[in-house]
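S.K.: return atomic coordinates for the entry below.
(chains A and B)
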Amino acid sequence: MLQYILHEKNTMLKIGFIICLLWILIAIFASFISPFDPVKDQNMAMRFQPPGKDHFFGTDSLGRDVFSRVLYGSRLSLAAGMVTVIISLFVGIIIGGTAGYVGGWADEILMRLSEMIQSFPPLILAMVIAAALGPNIYNSVLAMSMIWWPNYARLTRSVVISIKESDYVTAARLMGAGHLRILFAEILPNCFGSLIVMATLDLGNAILVFSGLSFLGLGVQPPVAEWGAMVSDGVTTFNYWWISTFPGLAIFSVAIGANFIGDGLRDYLDPQYR
Amino acid sequence: MSKPYKNLLSLQSVSKHFDIKLVNGKKAVLKAVNGVTFNIREGETFGIVGESGCGKSTLGRLLLGLYDLTDGTISYQGKALKDFNRNEMKQFRRESQMIFQDPSGSLNPRRTIKEILKEPFKVHRMFSEEERQEKIDYLCEMVGISKQYYDRYPHEMSGGQKQRIGIARALALKPKFIVCDEPVSALDVSIQAQVINLLKALQEKFELTYIFISHNLSVVKYVSDRIAVMYLGKFVELAPAEKLYQKPLHPYTEALISSIPQVGDSVKRDKIVLEGDLPSPVHQPTGCKFHTRCPKIMPICKDKEPILTEMEEKHFVACHLYHKV
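M.R.: Numbers count the residues shown, from 1 in each chain, chains lettered A, B, ... in the order given. Predicted coordinates:
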């Protein structure tokens, strides 16, 4: 696959790959590249400094370096977004695959369950769950996964239903393949393409919702650096544009990069596009 | 054809009804196959012809145990399919295979040719990786697919090539019988002949039994030893291929055979054109199912259903025209 990324004429995939790789490296090495500590280096004398040569992205209301905080913030935001999407993907594939393949009452029950979840506004439901479980990072990721999986379940189910009657599935049955083999080896690989595109699109979204939870005090607790929390910090101090803009741009770039990767991966995973 | 035949499959008044929902939301029963009794002998090619929707594909799938029967029994080598235990079923899965109508739809678009052909061995956990490779080399040689295609995907191949892959996959587990469900109707005419000749050659080499389903009468005539004509889920006529074409007894068979296009004008035959369409298998006519379209209808046909009886040697027909004699 790496070979494909490097050698194929797929500029979008390369750009997306570079952006995401960069952010992952930043997240890993944040402590080495940050000029300041994101939490401890408070300096009330230096608050609201515009971007300059000491503070590339300026300073916030407590005089902390926005640049360092953006770099550190990547750790939490990326991890929370990815973990949410991966858990929901996993749950969604299992539930949607079962519903589509078994059909009948199993399908009814699982799909009504997913509709119940989807009928709530996602942020509200995530808030309720996170508040009930107690406000911390793990619970908010869990809450987000619980509201996110229906999207993947429905997509998986629709693909499974359309493919399970196809001739090549019949052929697999005639060979004597078991249900699990048919579901996982014959049917599901056909929906990985659309699932991955959806997951990468959702990555940006998940980071935003996570930020929303943090803003409401249900996710990351201050003073920990997190992009969403930083954006909402700047909302109250509108004159100092740099406080919100740079973490906002960070979220934007991750979302774009993930989308590019998703598009490129779909082409890679579907042999008919190659 | 004079070999002493053993029955491979025998069907006893086999029926398959599907519960369906009509457009208006009412429930109905679709009688796809309706009380069919016959035997398939080892090594023969048994042709089944009929219009679209007459139940021939359903019958083919029933023979493979893909559906549960509504009524009757299908026995394979003397034992009923539904009494098979796990191991016997596994064995049956190896010995029965199918070749599909649509060559593209029968191959997983995400697998390379090599992966598709190795799949049967993986499912049955047979052979080492090298042995599997040897086996598929052999299979591909048999069906005429060169090694350069191994890493291709199905969409990169032509219809005829895909059908050859489908045949190779069906042969992989050394089956005893293969249900060919319209195996050539999706192919170009020039390719049809190649594939049919390939099927014939393979039958000889591997001593296969074919159940050959088609609506193309010329093709069926060419490959089959015996042919059954199906109409609305029932056999209306069953005879050795030559006999059926020389002297069709049932009016429906007559009409079908008269519709085969002829080359040249030396034998100009009058075409019998049937009125109307195949009646819906949900609301079937009473009496003889064919009476709504039969050119030789008699009063009895509307009330009483004719039974498939042997009129001449090995020539069975279900029609009142012959029963009263």
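S.K.: what's the distance between the spatially closest residue to B:P248 that is not a sequence neighbour and A:G212?
M.R.: Closest residue to B:P248 apart from its sequence neighbours, by Cβ to Cβ, 6 or more residues apart in numbering or on different chains: B:E254 at 4.7 Å. The C-beta positions use only the backbone N, C-alpha and C, and glycine is treated the same way. Using Cβ to Cβ, to the nearest Å, B:E254 is found at 76 Å from A:G212.
S.K.: tell me which of those two has more neighbours.
M.R.: A:G212 (21 against 16; other Cβ atoms under 10 Å in any protein chain shown).
S.K.: that one in helix, strand or coil?
M.R.: helix (DSSP: H, G, I helix; E, B strand; the rest coil).
S.K.: in terms of contact, does it touch A:G228 like I think?
M.R.: Yes: using Cβ atoms under 8 Å, A:G212 makes contact with A:G228 at a distance of 6.3 Å.
S.K.: ok, now which ones touch the residue nearest to A:T200 when sequence neighbours are not counted?
M.R.: Nearest non-adjacent residue to A:T200, counting by Cβ to Cβ, 6+ apart: A:G262, 3.0 Å away. Listed by Cβ atoms under 8 Å, 6 or more residues apart in numbering or on different chains, the contact partners of A:G262 are A:G16, A:I196, A:V197, A:M198, A:A199, A:T200, A:L201.
S.K.: ok, 10 Å please
M.R.: A:12-13, A:16, A:193-203 (Cβ atoms under 10 Å, 6 or more residues apart in numbering or on different chains).
S.K.: ditto for B:K296
M.R.: B:H250, B:P251, B:E254, B:F290, B:C319, B:H320, B:L321.
S.K.: hmm, 6 Å instead?
M.R.: B:P251 (Cβ atoms under 6 Å, 6 or more residues apart in numbering or on different chains).
S.K.: so what does it look like in phi/psi?
M.R.: Main-chain dihedrals, B:K296, degrees, to the nearest 10: phi -110, psi 40.
S.K.: next one: B:E182
M.R.: phi 50, psi 60.
S.K.: which SS class is the closest residue to it other than its chain neighbours?
M.R.: Leaving aside its sequence neighbours, B:E182 sits nearest to B:Q101 (Cβ to Cβ, 6+ apart; 3.9 Å). The local conformation at B:Q101, judged by three-state DSSP, is coil.
S.K.: next to chain A, which bits of the stretch 1-150 of chain B? Give me the list.
M.R.: With Cβ under 6 Å from any Cβ of the partner chain as the criterion, the stretch 1-150 of chain B comes near chain A at residues B:K90, B:R93, B:M98, B:F100, B:G105, B:S106, B:L107, B:N108, B:R110, B:P120, B:V123.
S.K.: so who does the second one touch?
M.R.: Counting by Cβ under 6 Å, 6+ apart, B:R93 touches A:G176.
S.K.: number of residues surrounding the spatially closest residue to B:N7 that is not a sequence neighbour?
M.R.: Spatial nearest neighbour of B:N7, chain neighbours left out: B:N39 (4.5 Å); criterion: Cβ to Cβ, 6+ apart. For B:N39, the count of nearby residues is 16 (other Cβ under 10 Å).
S.K.: and A:V169, by the same measure?
M.R.: A:V169, neighbours per other Cβ under 10 Å, totals 21.
S.K.: in the stretch 151-300 of chain B, which residue sits closest to chain A?
M.R.: Here the stretch 151-300 of chain B gets closest to chain A at one residue, B:Y153, 4.3 Å apart by Cβ to the nearest Cβ.
S.K.: just the contacts of A:G262: which has the poorest pLDDT?
M.R.: pLDDT across the contacts of A:G262 is lowest for A:L201, at 77.
S.K.: what's the longest helix in chain A?
M.R.: If you go by DSSP state H, chain A has its longest helix at helix A:66-102.
S.K.: helix or strand right after it?
M.R.: helix A:104-118 (DSSP states H and E).
S.K.: so what secondary structure elements neighbour that next one?
M.R.: Applying 3 or more Cβ pairs under 6 Å, 6 or more residues apart in numbering or on different chains; DSSP states H and E, we find helix A:104-118 packed against helix A:66-102, helix A:137-164.
S.K.: can you check which of those gets nearest to chain B?
M.R.: helix A:137-164 (9.2 Å).
S.K.: quick check: buried residues in the closest one?
M.R.: A:137, A:139-157, A:159-161, A:163-164 (16 or more other Cβ atoms under 10 Å in any protein chain shown).
S.K.: quick check: angle from that helix to helix A:66-102?
M.R.: 40 degrees (axes from the mean of the first three to the mean of the last three Cα atoms, to 10 degrees).
S.K.: how about helix A:137-164 and chain B, touching?
M.R.: No: using Cβ under 6 Å from any Cβ, helix A:137-164 stays clear of chain B, coming no nearer than 9.2 Å.
S.K.: and the next element down the chain from that helix?
M.R.: From helix A:137-164 onward toward the C-terminus, using DSSP H and E, the following helix or strand is helix A:167-175.
S.K.: between that next one and helix A:66-102, how big is the angle?
M.R.: Using the same axes, to 10 degrees: helix A:167-175 against helix A:66-102 is 60 degrees.
S.K.: in chain B, what residue lies closest to chain A?
M.R.: B:R93 (3.4 Å).
S.K.: am I right that A:G217 is in a helix?
M.R.: No: counting by three-state DSSP, A:G217 falls outside a helix, being coil.
S.K.: run through the chain and note the low-pLDDT ranges.
M.R.: Let's take chain A. A:1-9, A:271-274 (pLDDT under 70).
S.K.: my bad, chain B
M.R.: Short version for chain B, where the test is pLDDT under 70: B:1-5, B:264-269, B:324-325.
S.K.: what about the longest helix in it?
M.R.: Max-length helix for chain B by DSSP H is helix B:189-206.
S.K.: what sits up against it?
M.R.: So helix B:189-206 is in contact with B:G160, B:Q163, B:V184, going by Cβ under 6 Å, 6+ apart.
S.K.: if we take those residues, which one ends up nearest to B:V29?
M.R.: The nearest member of the contacts of helix B:189-206 to B:V29, counting by Cβ to Cβ, is B:V184 at 32.7 Å.
S.K.: and the residue nearest to B:P248, which helix or strand is it part of?
M.R.: helix B:251-258.
S.K.: in that helix, what counts as buried?
M.R.: B:P251, B:Y252, B:T253, B:E254, B:A255, B:L256, B:I257.
S.K.: likewise stretch B:198-213?
M.R.: B:L198, B:L199, B:L202, B:Q203, B:L208, B:T209, B:Y210, B:I211, B:F212, B:I213.
S.K.: quick one, phi psi at residue 248?
M.R.: The chain I'm using is chain A. Dihedral angles (degrees, to the nearest 10) for A:G248: phi -60, psi -50.
S.K.: with adjacent residues omitted, what lies nearest to it?
M.R.: Using Cβ to Cβ, 6+ apart, the nearest residue to A:G248 is A:V231, at 5.4 Å.
S.K.: so that neighbour is in which element?
M.R.: helix A:227-235.
S.K.: for that helix, output the C-alpha coordinates as PDB.
M.R.: Listed next in PDB are the C-alpha coordinates belonging to helix A:227-235 (Å, rounded to 0.1, in the frame of the first residue of the first chain):
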ATOM      1  CA  TRP A 227      -8.200  22.400  19.800                       C
ATOM      2  CA  GLY A 228     -11.900  22.600  20.400                       C
ATOM      3  CA  ALA A 229     -11.500  24.100  23.800                       C
ATOM      4  CA  MET A 230      -9.000  26.600  22.500                       C
ATOM      5  CA  VAL A 231     -11.400  27.700  19.700                       C
ATOM      6  CA  SER A 232     -14.100  28.300  22.200                       C
ATOM      7  CA  ASP A 233     -11.600  30.200  24.400                       C
ATOM      8  CA  GLY A 234     -11.100  32.700  21.700                       C
ATOM      9  CA  VAL A 235     -14.800  33.200  21.100                       C
END
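S.K.: counting by contacts, list what that helix packs against.
M.R.: helix A:192-215, helix A:242-269.
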